[in-house]
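In: next one to model:
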Amino acid sequence: MKRFAFSLVLLSFIFGLLSCQTESKDAKMDAKLTSYRNTIKEFVGSLQSELKAAMKKGGPINAISVCHTKAPQIRAQFSHKKAGFEIARTSLKPRNADNAPDEWEKTVLEQFEKRKAQGEDPKTLEFHQVVETNGQRQLRYMKAIPTAEVCLLCHGATIAPDIQAKLKELYPDDKATGFKVGDLRGAFSITETM
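Out: Presented below is the predicted three-dimensional model:
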């Protein structure tokens, strides 16, 4: 009987430890995802600040030029904050071919579209997964970019001819048009080596 009681206590202790480890891992992942969400907010804030200033200074044509030069710089600035970390924007309909999704991103974007079609709010769509790439474990995270009213100026179905001309000049393979408010325009993508 003592042996049975001891075994029961030992099993309870082991399960308690495993439970604590799982909770600890979950807490670490939650903290990491919160950090990613905050990084995206900062990234968006930096880009929007540049675009608003450009719009004030020279309207949408100027904003397109600024976005063309500043967005990659801001991306690089955020990606170089720590080693093994990269942030990007991607879409099934990219404006810049350099922002086309890789296979993992494409699969997630397609899942986002399905989830949106099933009634999920695009503002809440996100996904994360630990993957192995070239022998390295990576945490990958994506958060959807819903189309807002202000986006339609350059991403909508009806775009002014002068804006279309500037887009064609800077982005000859542009596919990022024809959106309506609430459409899934793309997603932020974060990759971090673990």
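In: any idea of the mean pLDDT for the helix ranked longest in the chain?
Out: With DSSP state H applied, the helix covering the greatest number of residues in the chain is identified as helix 2-79. Helix 2-79 carries an average pLDDT of 79.
In: once you drop chain neighbours, what's closest to L33?
Out: Distances taken as CB to CB, 6 or more residues apart in numbering put H128 closest to L33, at 6.2 Å, once the chain neighbours are dropped. Backbone N, C-alpha and C define where each C-beta goes, glycine included.
In: pairing partners for the helix or strand that contains that neighbour, with directions?
Out: Under the criterion DSSP states H and E, the helix or strand holding H128 is strand 126-133. Strand pairing for strand 126-133, determined by DSSP bridges: strand 136-146 (antiparallel).
In: what angle do the partner strand and helix 2-79 make?
Out: Computed by axes from the mean of the first three to the mean of the last three CA atoms, to 10 degrees, the angle separating strand 136-146 from helix 2-79 equals 60 degrees.
In: flag every buried residue along strand 136-146.
Out: Q138, L139, R140, Y141, M142, K143, A144, I145, P146 (16 or more other CB atoms under 10 Å).
In: just to revisit the earlier point, what does the strand holding H128 rub up against?
Out: Here strand 126-133 makes contact (CB atoms under 8 Å, 6 or more residues apart in numbering) with 29, 33, 36-37, 104, 108, 111-112, 137-144, 194.
In: can you give me how far it is from the chain middle?
Out: 12 Å (CA atoms, centre = their mean, to the nearest Å).
In: list the buried ones in it?
Out: E126, F127.
In: show the average pLDDT along it.
Out: On average, strand 126-133 scores 96.
In: could you dump that strand to PDB, C-alpha only?
Out: What follows is strand 126-133, C-alpha atoms only, in PDB (Å, rounded to 0.1, in the frame of the first residue of the first chain):
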ATOM      1  CA  GLU A 126      -3.000  35.800 -37.400                       C
ATOM      2  CA  PHE A 127      -1.100  32.600 -37.500                       C
ATOM      3  CA  HIS A 128       2.200  31.300 -36.100                       C
ATOM      4  CA  GLN A 129       4.200  28.100 -36.500                       C
ATOM      5  CA  VAL A 130       7.600  26.700 -35.600                       C
ATOM      6  CA  VAL A 131       9.200  25.400 -38.800                       C
ATOM      7  CA  GLU A 132      12.600  24.100 -39.800                       C
ATOM      8  CA  THR A 133      14.300  25.700 -42.800                       C
END
